[in-house]
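S.K.: Below: sequence and its predicted model.
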Amino acid sequence: MDEHTENQAPIDHALAGIKVLIAEDDPLLAGMLGKRLTTAGGTLYHEADGARILEIVREQHPDIVVLDIMLPGMNGYDVLKTIKADDATKDIPVLLLSNLGQEEDIQKSRELGAADFMIKATVSLDEVVEKIIQVLFQAKTK
């Protein structure tokens, strides 16, 4: 994943006032993504443990969750399923960001209620921020 793109300015502060939970166990990726989201104005939460991710979702009620599938303990699919089964959290959009990218992975994520699916190896940090903005816009216009 690229850290910067040439057109960084248009999305700076685009996430002002938005709470984003990054559910990612790779500290380097989480750090780079967190830095970019903070630059875009987002309030950031980070966690890698599935049970703790669910606690943060219930306690902080983030505006969006960026969720990896391959997590220690509870996997991302189980986290997604739990978020969508809870009346208090089911409307929080979840964007899956994973190295898994087979059609069946994408289909399963959609069936479980993910707003979208991005493959880590094929997107830049700015593309992730742009997708977050798009998903939030779509969620507000439902």
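M.R.: Yep, it's here.

S.K.: Please count neighbours and contacts with C-alpha atoms only from this point.
M.R.: OK.

S.K.: how about low-confidence regions in the chain?
M.R.: Where the chain drops to pLDDT under 70, the residues are 1-12, 142.

S.K.: all helices for this structure, in order.
M.R.: For the chain, the helices defined by DSSP state H occupy 27-39, 50-60, 76-85, 103-111, 125-140.

S.K.: Export the ones you listed as CSV, with columns for distance to Ala16 and mean neighbour count.
M.R.: CSV is the format used below for the helices of the chain (distance: least, CA to CA, whole Å; neighbours: other CA atoms under 10 Å):
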stretch, distance to Ala16, mean neighbour count
helix 27-39, 9, 18
helix 50-60, 16, 16
helix 76-85, 24, 19
helix 103-111, 27, 14
helix 125-140, 11, 17
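
S.K.: could those helices be laid out in a markdown table, adding distance to Asp68?
M.R.: A markdown table is the format used below for the helices of the chain (distance: least, CA to CA, whole Å):
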| stretch | distance to Asp68 |
| --- | --- |
| helix 27-39 | 10 |
| helix 50-60 | 10 |
| helix 76-85 | 6 |
| helix 103-111 | 11 |
| helix 125-140 | 13 |
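
S.K.: looking at those helices, which is closest to Leu97?
M.R.: Leu97 sits nearest to helix 125-140 of all the helices of the chain, at 8.5 Å, using CA to CA.
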